[in-house]
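**Student:** Sequence plus the predicted model coming up.
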Amino acid sequence: MFCSQIMSANIQYNCGEDCHIRSSSIFKHLTNEDLDKLNFDKKSESYKRGTVLYHEGSRINGCYCIQKGIIKVYKTGVDGKEQIIRFAKHGDLIGFRSVLSKELACTTAKVLEDAFVCHIPAQTFIELIKNNGTFSLELLQLACRELGEANAYITDIAQKTVRERLAEILIHLKNEFGLDDHKILQISLTREELANIVGTATESVIRLLSEFKHDKLIDLNGRKIAVLNEAALIRIANLYE
C-alpha cells in the first residue's frame, strides 16, 4: 500500500521487546530471528490526520501495522460517496489481503486520528508467512474473522432498518474504542462518517441521533456522543449477547 502523503521523516521504532503491541497482536508469535528481520526491513512513520496511506486501485507494496492512532478504511462508490468498512487501531494490521492476493488495493486507508504506523514490505511479510507456521495460522484466522464481519455487515444492510443499524454501530464503536468517565465514545466522528458506516444519508443519521437523544439513549455535544442506555440500544439493534 502506498504512502501518498508522508507528513514526517522516518522514525525508527523497535518491534522487538520494546514493541508495545507485540503481546496483543499476531506478531507475538514471531521468533527473535523473525523480529530481527522485521525490524531491519520495516519503516515506521508518524502521519497526521487526513493523510492517505494508500488509495483504492493502487498496487500494494506492503502492509501496515498500527502502533497508535485510528485509520479509516473505506471504499468509494460510483457517486463518490464513501462506504466505511472499518476503523483500524492500535495493534491492527491492514493491507495484508492485497499483499497475499497480489491484487490492487480494494479500499482506501486514511488517518482519522494522528497515527504512528509500521510499514512491512511485501517480500518480508511473505517470508514470515512461509517460515512461521503459527504466525501463518493466526493470519488465516484474522482473515476469516474479517470475512465473517463482512458477511454480517451485508446481512445487516439487507435485513435491518437504518435505525437498527445506527444503534448497532454505536454499540460496536463502544465495544471497540470504549467510553470515558462521562460515557463518551472514545472516537470522534462527523455525522457524514457515521452515515458512511451505517450506509445511509447524512440527514437520516442526524434525525435518528436526535431521536435517540430525545429518548435519553444518548447525549450529543458536537461530535461527542455519550452512550446513556446501552441496554436499550442493544434491544433496538436486535443484538443478542
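**Tutor:** Structure's in. What do you need? Numbering: from 1, shown residues only.

**Student:** If you count neighbours, what's buried in stretch 233-241?
**Tutor:** Neighbour-count burial for stretch 233-241 flags 233-234, 236-237 (criterion: 16 or more other C-beta atoms under 10 Å). Heads up, the C-betas are built off the backbone N, CA and C, glycines and all.

**Student:** Tabulate the CA atom coordinates of that stretch in CSV.
**Tutor:** C-alpha atoms of stretch 233-241 as CSV (Å, rounded to 0.1, in the frame of the first residue of the first chain):
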residue,chain,number,x,y,z
LEU,A,233,-29.6,0.4,22.1
ILE,A,234,-28.8,-3.3,22.1
ARG,A,235,-32.6,-4.1,22.0
ILE,A,236,-33.1,-1.6,19.1
ALA,A,237,-30.2,-3.2,17.2
ASN,A,238,-31.6,-6.7,17.8
LEU,A,239,-28.3,-7.8,19.2
TYR,A,240,-28.2,-10.9,21.4
GLU,A,241,-25.2,-11.3,23.6
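
**Student:** buried ones in the lengthiest helix in the chain?
**Tutor:** For the chain, the helix that runs over the most residues, judged by DSSP state H, is helix 133-159. Neighbour counts using 16+ other C-beta under 10 Å place 135, 138-139, 142, 153, 156 of helix 133-159 among the buried residues.

**Student:** Enumerate every residue touching His90.
**Tutor:** Taking C-beta atoms under 8 Å, 6 or more residues apart in numbering as the contact definition, His90 lies against 21, 66-69.

**Student:** CSV for the residues you listed, including pLDDT, distance to Gly91 and secondary structure?
**Tutor:** CSV is the format used below for these (pLDDT from 0 to 100; distance: C-beta to C-beta, whole Å; DSSP: H, G, I helix; E, B strand; the rest coil):
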residue, pLDDT, distance to Gly91, secondary structure
Ile21, 50, 4, coil
Ile66, 94, 7, strand
Gln67, 92, 8, strand
Lys68, 94, 10, strand
Gly69, 96, 12, strand
